[in-house]
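1. sequence first, predicted model second:
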Amino acid sequence: MPDSPERCYELEIPAKAQYVSLARLLASSIARSMSFPEEDVDDLKVAVSEMCTNAIVHSGNGTAEKPPILVRYCAGRDYLRVQVSDRGPGFDIGCVLNRERTDLLEKGRGIPLIQCLVDEFQCDSQPGSGTVVTVVKYLRPRESQP
Amino acid sequence: MAEKERAGSGLEVNVEDLGDISLISLVGEVDVYTAPMLKDAINSLVERGRYHIVVDLGKVIFLDSTGLGVLVGGLKKVKSNQGELGIICNQERILRVFRITGLTKVFPVYRSREELPTKEREKQDAG
């Protein structure tokens, strides 16, 4: 992971679907303030949406009252790192990544999609514990004007 | 026939019949919160025996894998009834998600309503 200095922001949201847009909005606001290109802002929004959706869908271990989701945004000189933590049951990441895919699968596109949209992806999860998913998107050097 | 639905969140769903095709027009964001509205619209059409569906994503500003999953689910339903489900989209930000997941090969993709099959477009223009 990149070195400091960083400016970090934390957002704690209830594990409910209507709050995912809030996490996306904050990601896009921070990315735009860092002068990320709009295309990369869009990529970050999708990645954060997928991360929060996974956390909400899989957290709570089947209980009605799910613990909140913590979203941490850290802005470095040339990168934005976003970490989404839940206190859900956890899962075996290998099973997700190695799952056989077909075109007409209705679920299971979230993590592969995140991996395509960001520069670094890390998932720390084990059955029986919570899950922490971390992504990093780097600011690309601006192309010089002709 | 046109049905309009608006939720407190960021998605508006409008359904209209254009000859043999049913057009679902979306305005706003499709995510885990709003995707059930799209799912309901598709399911309602299938229950009415409408198996040729086009979803207009021209005014969608955000779509993630939850939205893709609902579209794939709809496609499976109409295909099992010899139907088809296509999308209208000319926005790169949305098409990119379809392309990365390989779904541009699965859904018929129209760039605009004008690209819909000619017979249906004539009916639309006449309406």
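-> Alright, I've got the coordinates.

2. hey, let's count contacts and neighbours off CA atoms from now on
-> OK.

3. before we move on, which element is residue 74 in?
-> Defaulting to chain A. strand A:69-75 (DSSP states H and E).

4. that was the other one, I meant chain B.
-> Judged by DSSP H and E, residue B:74 forms part of helix B:65-79.

5. ok now the following helix or strand past that helix, how far from the chain's centre?
-> Once the chain leaves helix B:65-79, the next helix or strand it forms, by DSSP H and E, is strand B:84-88. On the basis of C-alpha atoms, centre = their mean, to the nearest Å, strand B:84-88 is displaced by 6 Å from the centre of the chain it belongs to.

6. quick one: strands adjacent to strand B:84-88?
-> strand B:52-63 (parallel), strand B:109-110 (parallel) (DSSP bridges).

7. would you turn those strands into JSON lines with distance to residue A:22, mean neighbour count and mean pLDDT?
-> Formatted as JSON lines, the strands paired with strand B:84-88 follow (distance: least, C-alpha to C-alpha, whole Å; neighbours: other C-alpha atoms under 10 Å in any protein chain shown; pLDDT from 0 to 100):
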{"stretch": "strand B:52-63", "distance to residue A:22": "13", "mean neighbour count": "22", "mean pLDDT": "97"}
{"stretch": "strand B:109-110", "distance to residue A:22": "30", "mean neighbour count": "20", "mean pLDDT": "96"}
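
8. export those strands to JSON lines and tack on distance to residue B:19?
-> Conversion of the strands paired with strand B:84-88 to JSON lines gives the following (distance: least, C-alpha to C-alpha, whole Å):
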{"stretch": "strand B:52-63", "distance to residue B:19": "10"}
{"stretch": "strand B:109-110", "distance to residue B:19": "17"}
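
9. contact partners of the helix holding residue B:74?
-> A:50, A:104-107, A:109-110, A:113, B:30-32, B:35-36, B:38-39, B:42-43, B:46, B:51-52, B:84-85, B:98 (C-alpha atoms under 8 Å, 6 or more residues apart in numbering or on different chains).

10. what's the neighbour count on residue 114?
-> In the absence of a named chain, this looks at chain A. 22 (other C-alpha atoms under 10 Å in any protein chain shown).

11. wait, I meant chain B there
-> Residue B:114: 14 surrounding residues under other C-alpha under 10 Å.

12. of the contacts of helix B:65-79, grab the buried ones for PyMOL.
-> Listed next is the PyMOL selection for buried residues among the contacts of helix B:65-79, using 16 or more other C-alpha atoms under 10 Å in any protein chain shown:
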select buried, (chain A and resi 50+106+109+110+113) or (chain B and resi 30+31+32+35+38+39+42+43+46+51+52+84+85+98)
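
13. in helices, which of the contacts of helix B:65-79 appear?
-> Counting by DSSP state H, the part of the contacts of helix B:65-79 found in helices is A:50, A:110, A:113, B:35, B:36, B:38, B:39, B:42, B:43, B:46, B:98.

14. report the lowest-confidence entry in those residues.
-> Least confident of the ones in helices among the contacts of helix B:65-79 in the model: residue A:110, at 88.

15. how far away is it from residue B:101?
-> 10 Å (C-alpha to C-alpha, to the nearest Å).

16. and for residue B:45?
-> From residue B:45 to residue B:101 the distance is 26 Å (C-alpha to C-alpha).

17. next one: residue B:80
-> To residue B:101, residue B:80 is 22 Å away according to C-alpha to C-alpha.

18. walking through chain A, point out its strands one by one.
-> A:7-13, A:69-75, A:79-86, A:120-125, A:131-138 (DSSP state E).

19. quick one: the fourth one to chain centroid distance?
-> Spelled out, that is strand A:120-125. Worked out by C-alpha atoms, centre = their mean, strand A:120-125 lies 9 Å from the chain centre.

20. same check on the last one?
-> The offset between the C-alpha centroid of strand A:131-138 and the centroid of the whole chain comes to 6 Å, using C-alpha atoms, centre = their mean.

21. which residues are contacting that strand?
-> In contact with strand A:131-138 (C-alpha under 8 Å, 6+ apart) are residues A:44, A:51, A:55, A:78-91, A:118-125.
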